[in-house]
Structures are given as C-alpha cells and as structure tokens.
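# sequence and computational prediction follow.
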Amino acid sequence: EDQVTQSPEALRLQEGESSSLNCSYTVSGLRGLFWYRQDPGKGPEFLFTLYSAGEEKEKERLKATLTKKESFLHITAPKPEDSATYLCAVGGNQGGSEKLVFGKGTKLTVNP
Amino acid sequence: DGGITQSPKYLFRKEGQNVTLSCEQNLNHDAMYWYRQDPGQGLRLIYYSQIVNDFQKGDIAEGYSVSREKKESFPLTVTSAQKNPTAFYLCASSGTYHTDTQYFGPGTRLTVL
C-alpha cells in the first residue's frame, strides 16, 4: 500500500533559522512527488513536482530534493510569511491504476 | 486569469438536507477531483472524473454524488446519507491523470447544524 509520512508534524523557527521538512514515502511506480503550501482556510497552493531521484527544484527560499525513499523541503532564512502547512503528495502507478496519496502535513511557524 | 473557483465559501446544512458544492475551472483540464480535508488527516479522495459524462468513486464516496456534464464544471452533492459531513471540501483539476500536477480551488467549509 502506498504511504506518505511527513515529519515533524509541527515546526517552530525563528526568522532566519534554516531547517528542513521531511516526506518519507513508499509507492509502486513513482510518477511524481508534489509539494504544496496551504494557508489556514485556503486551498493548497502548488509549489514543486519532482519526478526522479536526484532531482532538485528551487523557488525563492524553498528548495525541494528527492531520493528513492524521501523528499526534503529545505527552507533557507525563513520569514514570518513562510508560516503555513506544507503538504507532500506522492503519485504512483500500480497495475495501470494511478493514485495520489497525501501526507498529513507539517505546520511551520516562523516567529519574527 | 486561469484558475479554479468554488462556491460557496461557507455552507451550513441541516440534518436530512442535501447540499451541492460548486466547482468550476477554466484551465482546460480534462480531470477534476473532489477531496475532503479533516483536521489531522491527509486529503481523502471522494470522486474524480477524467472525462465529461464519466466519473469514478474515490476512497470515501459513500454519501456523496457528482456529475460531469461540462468539462469546466464538477459539482458535488453531499446527501443526507453522509453521516459526518462537517469538513473542508477541496476541488482540484489536472491534465488527465491523478499523477499530473493537481491545482486546487479555495475550498468550501461545510458545517452541519
């Protein structure tokens, strides 16, 4: 069964204090790993898609990396406006059936 | 601007009442999805549609129904058979497949009175 585990559940940082969020996964036939940002009461906002181990993508203070078992979302010198819940989702293909599985998210709080 | 719209933003349902949530997209995507989000849980798939006039049950379809008469629209009805409907409902769309990048709407919060 495809599974996605995000850690930690919650992370509190001081402004400028860099850190990483983890997304561990097991999937049959990886089709893509997706990172989203979700603000309270709003829909998830797409950040990155990673397709193969070794791939990296960057956007402003965020950098996503992928290995065969996990993905990291690195946040460099975060600002209070980076506070949000970050969701990871993994797309797999098993026997011709595609499915997207979401983790429960990591709630990030950046204090000024 | 291309995007996904959901309405209403807030919805209140009385016991025994059916309610319909609207979802419209102008991204020219083939596939559309409905998810339910509860505190402390990952997004769970209710229904999806990859083509007009066709849709499939997701993991938690009981008590819900959908239609896909137009490419742009995918309304979700929460029926009285859904025993615990209070949740945040998210509509998404993508190119064709589940594993194409999915883009989400702003959500509808449904509360049972």
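Now that the structure is in, tell me what you want to look at.
# now the strands for chain B?
Remark: strands assigned in chain B by DSSP state E are B:4-7, B:10-13, B:19-25, B:31-37, B:44-51, B:54-57, B:64-66, B:76-78, B:87-94, B:103-104, B:108-112.
# tell me if the third one is near chain A.
When you say that, I think you mean strand B:19-25. No: applying C-beta under 8 Å from any C-beta of the partner chain, one finds strand B:19-25 separated from chain A by no less than 10.8 Å. Where C-beta positions appear, they are placed from N, C-alpha and C, glycine not excepted.
# returning to that earlier point: make a markdown table out of the strands of chain B and add distance to A:Leu108.
Shown next, in a markdown table, are these (distance: least, C-beta to C-beta, whole Å):
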| stretch | distance to A:Leu108 |
| --- | --- |
| strand B:4-7 | 25 |
| strand B:10-13 | 26 |
| strand B:19-25 | 28 |
| strand B:31-37 | 18 |
| strand B:44-51 | 23 |
| strand B:54-57 | 34 |
| strand B:64-66 | 32 |
| strand B:76-78 | 30 |
| strand B:87-94 | 19 |
| strand B:103-104 | 19 |
| strand B:108-112 | 22 |
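# can you find the helix or strand of the chain with the lowest average pLDDT?
Assuming you mean chain A. Across the helices and strands of chain A, mean pLDDT, DSSP states H and E gives its lowest value to strand A:97-102, namely a mean of 86.
# that's the wrong chain, I wanted chain B
Lowest by mean pLDDT, DSSP H and E among the helices and strands of chain B is strand B:10-13, with a mean of 93.
# hmm, it in reach of chain A?
No: Strand B:10-13 stays clear of chain A (C-beta under 8 Å from any C-beta), getting no nearer than 9.8 Å.
# residues contacting that strand, please?
B:Val19, B:Leu21, B:Val78, B:Pro85, B:Thr108, B:Arg109, B:Leu110, B:Thr111, B:Val112, B:Leu113 (C-beta atoms under 8 Å, 6 or more residues apart in numbering or on different chains).
# tell me the contacts of the closest residue to the fourth one other than its chain neighbours?
Read it as B:Pro85. Excluding the flanking residues, the one nearest B:Pro85 by C-beta to C-beta, 6 or more residues apart in numbering or on different chains is B:Val78, at 4.9 Å. Applying C-beta under 8 Å, 6+ apart, we find B:Val78 in contact with B:Arg13, B:Asn18, B:Val19, B:Thr20, B:Leu21, B:Gly63, B:Tyr64, B:Pro85, B:Leu110.
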